[in-house]
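Enquirer: Build the 3D model from these lines:
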Amino acid sequence: MIESHPLRQVLAKFLTGVTVVTTNGPDGAVGVTVNSFASVSLDPALVLVCLKQTSGVGVEFAEAKCFAVNILSEHQELVSRKLSRSTEKFLDEVSYRHGDTGAPLLTEALAYVDCELYERIDAGDHVIVIGRVRDFKVQRDDARPLVFYGGRYLNLSFSG
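Expert: Residues are numbered from 1 along each chain as shown. The predicted model follows:
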């Protein structure tokens with residue numbers, strides 16, 4: 001059996017972007033911070049996110065027919081931190097609007113991908129949620145992405 005702590009240390013050496021994945025629940029709009037996000041296919045347009053099975057939004061995503069992946073900009077670290085806690089899931093104090101699918105879109109995000117559910121796949125202690133892209137947009141060309149490396153948030157600087 002592989003020990004999880006040493007594995008996490010190795011995986012932390014991979015620089016990732018930070019997203020908040022959102023959907024609607026019976027008690028309102030919810031979100032969770034996720035860095036496991038990838039493009040699956042361009043034809044059809046599919047993306048995936050990996051959500052922890054014991055996530056605070058597990059019930060909402062188990063029922064969700066749509067969701068959005070909001071790519072955070074560097075000034076949204078507090079939003080990321082808030083929604084990374086298992087006790088926080090509601091989008092109160094976070095500005096959003098509803099997209100084409102009805103999923104919440106964070107208005108201050110760098111970009112979003114609005115999806116309808118395509119497939120859910122149980123994978124160990126996570127569930128892989130695949131979405132068919134229905135809408136997408138870069139909302140802030142002037143901002144840099146929020147990134148995570150080595151267990152902490154970093155700021156990027158571009159040259160050239």
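Enquirer: In the sheet, which strands lie alongside the helix or strand hosting Leu105, parallel or antiparallel?
Expert: Using DSSP states H and E, the element containing Leu105 is strand 104-106. Using DSSP bridges, strand 104-106 pairs in its sheet with strand 96-98 (antiparallel).
Enquirer: average model confidence for the strand it pairs with?
Expert: Mean pLDDT, strand 96-98: 98.
Enquirer: ditto for stretch 83-93
Expert: Rounded mean pLDDT across stretch 83-93 is 90.
Enquirer: how far is the next helix or strand after the strand holding Leu105 from where the chain is centred?
Expert: Next helix or strand after strand 104-106 toward the C-terminus (DSSP H and E): strand 111-123. Centroid separation for strand 111-123 versus its chain: 10 Å, with Cα atoms, centre = their mean, to the nearest Å.
Enquirer: Tell me if Lys82 really is in a strand.
Expert: No - using DSSP: H, G, I helix; E, B strand; the rest coil, the secondary structure at Lys82 is helix, not a strand.
Enquirer: ok, it - contacts?
Expert: Listed by Cβ atoms under 8 Å, 6 or more residues apart in numbering, the contact set of Lys82 reads Glu88, Glu93, Val94. Every C-beta, even on glycine, is put in place using the N, C-alpha and C of the backbone.
Enquirer: if I pick the first one, what's in contact with it?
Expert: Taking Cβ under 8 Å, 6+ apart as the contact definition, Glu88 lies against Gly56, Lys82.
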